[in-house]
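Asks: structure for the following, please:
(chains A and B, ligands or ions: 2)
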Amino acid sequence: MTVLELQQVKKTFGSGRTQVDALKETDFQANEKELIAIIGPSGSGKSTFLTIVGGLLSPSSGEVILNGQPISNMNERERSQIRLREIGFVLQASNLVPFLTVDKQMKLLDQVKKGNMDNAELEQLYEDLGIGELRKKYPADLSGGERQRVAIAKALYTNPSIILADEPTASLDSDRAYEVMELLKHETKSKGTTTIVVTHDIRLTDYCDKVYKMTDGVLTLEGNENR
Amino acid sequence: MFLAWNEIVKNKLRFTLITGVLLLVAYLVFFLSGLATGLKNLNREAVDNWKADAVVLTDESDKSLYQSSLTLDQAKEVKADKKAVLGQMSAIANNGKKKTNVSLFGIRPEEFLMPSISEGNPFGEENEVVADASLKEDGFKVGDELSISSTDIKLKITGFMEASRFNASPVLYMDLDTLNRVKYGEAVEANKDRINAVIIRGEQQEIADDSLEVIETETFIKNLPGYTEQNLTLTFMIYFLFIISSVIVAIFLYVLTVQKISMFGVMKAQGISSFYLSRSVIAQTFLLAFVGVAIGLVLTLVTGAFLPAAVPVSFDIPTMLVYGAVLVVVAIAGAVFSVLTIVRIDPLKAIGG
Ligand SMILES: Nc1ncnc2c1ncn2[C@@H]1O[C@H](COP(=O)(O)OP(=O)(O)OP(=O)(O)O)[C@@H](O)[C@H]1O
Ligand SMILES: [Mg+2]
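Replies: Ligands and ions are numbered 1, 2, ... in the order given. Got it, this is the predicted structure:
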């Protein structure tokens, strides 16, 4: 089933001589249970693509359709709601709240949204991610890899239909990076979500179903490995 | 409250500091308000005890009891539900051990100005007086013989009434005749029907005598020397403290908020609304301000209980509660900057490129 569709989406920053076509007219589709990687050099437009898909940035033209719903022309309030309900972000920088324990990071989401995982599902998630022991700890007391895993737990906790990860492994060593990718893959398959991972690291694409390459704002499909 | 409370618990020192600052400001506000009430009482207690509606003085006196002088014949012109004549004089009273400023009030015992007695007996015969209870704290007792400046006449305290001070001096009530003998000495015969004012309760009719002026009690009090100036000064200080506390809270919260911009940005990126985050900051401010003000209030009352009687503080709880509420409100107003900052945070910037 198609979860995400981009129709002729284009993003231009600035105008005149300073104009940057960060994303040229792009068509794109993603289905459920798909783990997709986007690679490409710095400044090629990967983050621009991801933030448009995540409803954080409006495209200059074209349409983004999430679960059958066009989101490009929504106002900030509506897009905020969509982000909360449909999207799980895993960011390069920690997206954890410094003064909340791991458990409370999840409770915070209960404060703002219903229909999150129940206790049993959360326990399972903690176990999958190997962070059950960390639930009473604050982010400052976690290692980079542990923090990243908690961030993933947080992204998954709200049962999003799509997970967007911008360089989720940038602060991790290779072994940890593989672990995180393994986890994302596991969650994608078992929860039936769609996951898009932006990365510099070609080796991580081994875990992905599809790999796209971004070059100067043009997105092209690289391979379809179906492992 | 979830976010607000958890942040406070994790960052106790920070929030204790801001609560401490608010507490001190509240303490100062409450104390000044106590001082304001105390100083007011010092000036008006005696007048409040009259439970009068108006005071009749001579037109020329410019609303000053001290400068007003009329005769009992003129007093007859005043027609009201209830009226009482009053003669007044300021003097120094000395019981042999202590000297103090006093205000001597001469009245007719059968009229309503006659104070109710809390200790001892009412004045009866010549040269007997009933004294303000605050004199007891200065060591004055029933039976004391008081020498009065400017006369040889000695006045004897027969009893005490409830606290009655007028324009910062304790009051001695006595018969009008006694007062006039003290006041005019040799010349008493010529002046024995001189009084300073007629005090009125209830409805009064137009007074035929142009040289008299009817002044409402509150206006009369406001025109006591120094009363309004003193009040304005303290009120001004209190209002200024409101502004200061608002600014302190604004700066403090703003610094905290700026430190958390990227965190708020990330939360907004995840879809947590500005409304939720702003509400959390407001809730936090309310909590801190409320706790600070409440502790400040308790501390003020405790301090008040240990202060020597000479310090003119008197706590008017309703006024203090209003000031406390104002402090909480201005603190929340101080949080507005932070709310604006949160609303303006662009989640896109927070998650970086
Ligand atoms: N807000 C903006 N205003 C102007 N230009 C921008 C803005 N955001 C991005 N750009 C430009 O758009 C292009 C694509 O940027 P983008 O952040 O998408 O690159 P990226 O592929 O994510 O790079 P990196 O791998 O370094 O993160 C760049 O040339 C960048 O300078
Ligand atoms: Mg990027």
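
Asks: which parts of the stretch 1-150 of chain B sit against chain A?
Replies: B:2-3, B:6-7, B:9-11 (C-beta under 8 Å from any C-beta of the partner chain). Bear in mind the C-beta positions are built from the backbone N, C-alpha and C, glycine included.

Asks: list buried residues within those residues.
Replies: Among those, those scoring as buried are B:2-3, B:6-7, B:10 (criterion: 16 or more other C-beta atoms under 10 Å in any protein chain shown).

Asks: of those, just say which sits nearest to chain A.
Replies: Nearest to chain A, judged by C-beta to the nearest C-beta, of those is residue B:10 at 3.6 Å.

Asks: the closest residue to the closest one other than its chain neighbours sits in which helix or strand?
Replies: The shortest distance from residue B:10 to any non-neighbouring residue, by C-beta to C-beta, 6 or more residues apart in numbering or on different chains, is to residue A:99 (3.6 Å). For residue A:99, there is no enclosing helix or strand under DSSP states H and E.

Asks: leaving out sequence neighbours, find the closest residue to residue 210.
Replies: Just going to use chain A. Residue A:210's closest residue in space is residue A:36 (C-beta to C-beta, 6+ apart), at 4.8 Å.

Asks: not what I meant, chain B
Replies: Nearest one to residue B:210, counting by C-beta to C-beta, 6+ apart, is residue B:59 at 7.1 Å.

Asks: on that earlier part again, can I get the residues of the stretch 1-150 of chain B next to chain A in JSON lines with pLDDT and distance to residue A:222?
Replies: Output for those, formatted as JSON lines (pLDDT from 0 to 100; distance: C-beta to C-beta, whole Å):
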{"residue": "B:2", "pLDDT": "93", "distance to residue A:222": "44"}
{"residue": "B:3", "pLDDT": "93", "distance to residue A:222": "42"}
{"residue": "B:6", "pLDDT": "94", "distance to residue A:222": "44"}
{"residue": "B:7", "pLDDT": "94", "distance to residue A:222": "45"}
{"residue": "B:9", "pLDDT": "94", "distance to residue A:222": "49"}
{"residue": "B:10", "pLDDT": "94", "distance to residue A:222": "45"}
{"residue": "B:11", "pLDDT": "93", "distance to residue A:222": "47"}
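
Asks: of these, which belong to helices?
Replies: Residues of the residues of the stretch 1-150 of chain B next to chain A located in helices (DSSP state H): B:2-3, B:6-7, B:9-10.

Asks: can I get the residues you listed in CSV with distance to residue B:142?
Replies: Formatted as CSV, these follow (distance: C-beta to C-beta, whole Å):
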residue, distance to residue B:142
B:2, 65
B:3, 65
B:6, 64
B:7, 63
B:9, 60
B:10, 64
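
Asks: and for residue 76, the neighbour number?
Replies: Picking chain A for this. By other C-beta atoms under 10 Å in any protein chain shown, 15 other residues sit near residue A:76.

Asks: the intended chain is chain B.
Replies: For residue B:76, using other C-beta under 10 Å, the count is 12.

Asks: tell me the helix or strand right after the helix or strand harbouring it.
Replies: Taking DSSP H and E as the criterion, residue B:76 maps to helix B:72-77. Later in the chain than helix B:72-77, the nearest helix or strand by DSSP H and E is strand B:80-94.

Asks: helices or strands up against whichever helix or strand comes after that following strand?
Replies: Sequence-wise, the next helix or strand downstream of strand B:80-94 (DSSP H and E) is strand B:99-107. Judged by 3 or more C-beta pairs under 8 Å, 6 or more residues apart in numbering or on different chains; DSSP states H and E, strand B:99-107 is in contact with strand B:80-94, strand B:165-166, strand B:169-175, helix B:176-184.

Asks: check contacts around residue 109.
Replies: Defaulting to chain A. A:116, A:154, A:157-158 (C-beta atoms under 8 Å, 6 or more residues apart in numbering or on different chains).

Asks: oops, chain B please
Replies: Residue B:109 touches B:122-123, B:175, counting by C-beta under 8 Å, 6+ apart.
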